[in-house]
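>>> Give me a 3D structure for the following:
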Amino acid sequence: MIQCALRNFEESSETPLDVEHQCEVLSYQYNTNNLVLLLTWHEQQVVAKITSSSGHSGKRLRQEIDWYRRILAERQDILRHCPRYIDSFTLGGNLVLILEYIPDAFGLRHALLGGRLLPYEAIEIVGSIIAALGHRIGRYGEWEQHCLAAGIYGRIHTRSMNLRRLLASSRTATDYWSRPISVNGLAPVSLSDIAKWLYHIASYLMHTEVGVLGETHGDLHLENIILQGDDGSRFFLVDPNGGIGPIPIYDLGKLAHSVDGLYDLILSRNVSISCPHPLEVYLDFAEEPHRLYQELNLQFTDLLRGMTGDEEKFMTLRTQVRLMCLVHFLCLLPHHYQDRYRFLALLARTVELFHEARAVMAQAPR
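Numbering: from 1, shown residues only. A predicted model of the protein is given here:
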């Protein structure tokens, strides 16, 4: 695929490229959707994301390109927190996005777990990102409600059906969809019941007076906020999901997914799992990383409270964010099915978050 890409760069790019003399592949890696190349191109180092222009990965990269173009045209203030958009084009059956390369960069999650940042410093960066995106509290109009309804219901329905099909294809996993699962001694609940409850309760995210307005990144977890240099004084947003639409509550829910949901600790394998019975799971997070993220969550909660300036609005916003966090957990389960450790940990955390969200809903303003 790399050779195919390089052969086609010259004829496909809006800026003609002499492959032999002006382009050198320095490194490459595959991520979930794309082949990512580090190139020397026209005497500058750039990052090239390449994927097939058809299918899900092509759609996702096209949405990312559209996001950069929209920001370039409409929201110049966000650009200082994004890698510079250089070019995009098709080559044969592939789609290519060229971005500025940011040297000496590291993700916010790694900075936290590696001891390079304290929780309050991380949340200061998160707050700056939220401010740059223009997130603010206001009343949802009909357009925002329509987008939110389509986004939430579509994700819950599509992803839960994908999950059901995946689980049904495995003899050992069929029970995870329909039979109740107990996690850390909590009352058993099935994934089917969680999906149905979310589908029913999602209207609360749309029809309350308090909403979050502004530009949406669409995949705003801590590892998509990258820092540069030893002091992390510059930070950038990467890998936007431009297909989400104007519903920034997704962003706050995704941040909660990292911080409150402890998704980061699961990805970094800072949790142990035991299953005395196939439908009985126990999670035990590593003590020091767990304490760090508890402090981070307290700081994040204070940030949400500061966005509202009113306790009732804060309770509404906190409930919305908790529900969206649970939506993200349920919807991401199909992506991790191949890794049994990660899947079981995410499954168990989804059940825990369901119980927490249901308790919060009982206290939420109506």
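>>> Could you point out which residue ranges in the stretch 151-300 of the chain have low pLDDT?
Scanning the stretch 151-300 of the chain for pLDDT under 70 picks out the ranges 166-175, 206-211, 230-233, 243, 245-246.
>>> quick one, strands of it?
Secondary structure of the stretch 151-300 of the chain (DSSP state E, counting those that start in this stretch): strands located at 182-183, 211-213, 225-228, 234-237, 271-277, 280-285.
>>> what about the stretch 1-150 of the chain, any weak spots by pLDDT?
Along the stretch 1-150 of the chain, segments meeting pLDDT under 70 span 1-33, 139-140, 143-144.
>>> Kindly recompute the last result at 90.
Within the stretch 1-150 of the chain, the stretches with pLDDT under 90 are 1-64, 69-82, 84, 86-98, 100-106, 115-117, 128, 130-150.
>>> mind giving me the domain ranges of this protein?
What the record gives for the chain is the domain set 2-100, 105-363, from automatic domain parsing.
>>> Highest mean neighbour count out of these?
Burial of these is given as mean neighbour count (mean count of other Cβ atoms under 10 Å); domain 105-363 ranks first at a mean of 18. Every residue, glycine included, has its C-beta placed from N, CA and C.
>>> Helix, strand or coil: sort out residue 51 for me.
Of the three states, residue 51 takes strand under DSSP: H, G, I helix; E, B strand; the rest coil.
>>> show me what contacts it?
Going by Cβ atoms under 8 Å, 6 or more residues apart in numbering, residue 51 touches 33, 34, 35, 57, 58, 60, 61, 94, 95.
>>> how about a cut-off of 10 Å?
Contacts for residue 51 were tallied using Cβ atoms under 10 Å, 6 or more residues apart in numbering; they are 1, 31, 33-36, 57-62, 93-97.
>>> hmm, back to that, among the strands of the stretch 151-300 of the chain, which comes closest to residue 320?
Among the strands of the stretch 151-300 of the chain, strand 211-213 comes nearest to residue 320, with 7.7 Å by Cβ to Cβ.
>>> Where does residue 72 sit, in terms of helix or strand?
Residue 72 is located in helix 55-74, with elements delineated by DSSP states H and E.
>>> Name the residues that touch the helix or strand following that helix?
Reading on from helix 55-74 to the C-terminus, the next helix or strand found by DSSP H and E is helix 76-79. With contact meaning Cβ under 10 Å, 6+ apart, helix 76-79 is reached by 67-68, 70-72, 85, 129, 131-134, 215, 217, 237, 240.
>>> likewise stretch 275-288?
For stretch 275-288, contacts defined as Cβ under 10 Å, 6+ apart pick out 113, 115, 172-173, 175-176, 179-186, 188, 190, 262, 265-266, 268-274, 290-294, 344-345, 347-349, 351-352.
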